[in-house]
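Enquirer: based on what follows, work out the 3D shape:
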Amino acid sequence: MNTKLVLALVFALQVSMSLSQVPPPSQELVDKYESLKATFYRRLVNAYGKLQGTVGQTEQAQTTREFIESLRDKPELQAVAKVASGLGAEAAPVVDRARASLLGLYEQYLRPHVGNGLSEAIDQIKVYLDQYMPAE
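Expert: Numbers count the residues shown, from 1 in each chain. The predicted structure is shown next:
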């Protein structure tokens, strides 16, 4: 009985050690991810600017803008914003390490199987996004 338990413990430790040794992603994959992320953010900012320009002239938009400006003056909201920005600054390295680990896992285990299909799907989606939600 004890031998089975020891063997199971060794096996569990071996599996956990192999999972903790995630290979780093290649620079090519990191660059591709960063460029896709930057383009997506530019698309969102551009769409938000267009939406704000379209909705910005209405009376309801002016009322909403005044309400948001009144919220900015409240000390409670300022304290929450400071705490949130502090948490974001402390969480950034953890998020970067998690992102690198996930990209490494993707590159080693998934990319050989789904990489080409995913790349082609992203290229097809880009055509529609360029038409309806351009980055520039």
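
Enquirer: tell me the SS of residue 22?
Expert: Under DSSP: H, G, I helix; E, B strand; the rest coil, the three-state class of residue 22 is coil.

Enquirer: sorry, that was for residue 135
Expert: The three-state assignment at residue 135 reads coil, by three-state DSSP.

Enquirer: my guess is it contacts residue 44, does it?
Expert: No. With contacts counted by Cβ atoms under 8 Å, residue 135 stays clear of residue 44, the gap being 9.3 Å. For the C-beta atoms, the positions are set from N, CA and C on the backbone; glycine is no exception.

Enquirer: neighbour count winner among these two?
Expert: Counted by other Cβ atoms under 10 Å, residue 135 and residue 44 do not tie: residue 135 has more neighbours, with 16 against 12.

Enquirer: ok, that one - contacts?
Expert: Shown in contact with residue 135 (Cβ atoms under 8 Å, 6 or more residues apart in numbering): 39, 42-43, 46.

Enquirer: reformat the residues you listed as a markdown table; add pLDDT and distance to residue 116.
Expert: Listed next are the contacts of residue 135 as a markdown table, based on pLDDT from 0 to 100; distance: Cβ to Cβ, whole Å:
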| residue | pLDDT | distance to residue 116 |
| --- | --- | --- |
| 39 | 93 | 20 |
| 42 | 93 | 26 |
| 43 | 91 | 24 |
| 46 | 90 | 29 |
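
Enquirer: buried subset of those residues?
Expert: Listed as buried from the contacts of residue 135 are residue 43; burial here means 16 or more other Cβ atoms under 10 Å.

Enquirer: nearest to residue 108, out of the contacts of residue 135: which one, please.
Expert: Closest to residue 108 out of the contacts of residue 135 is residue 39 (25.3 Å), distances taken as Cβ to Cβ.
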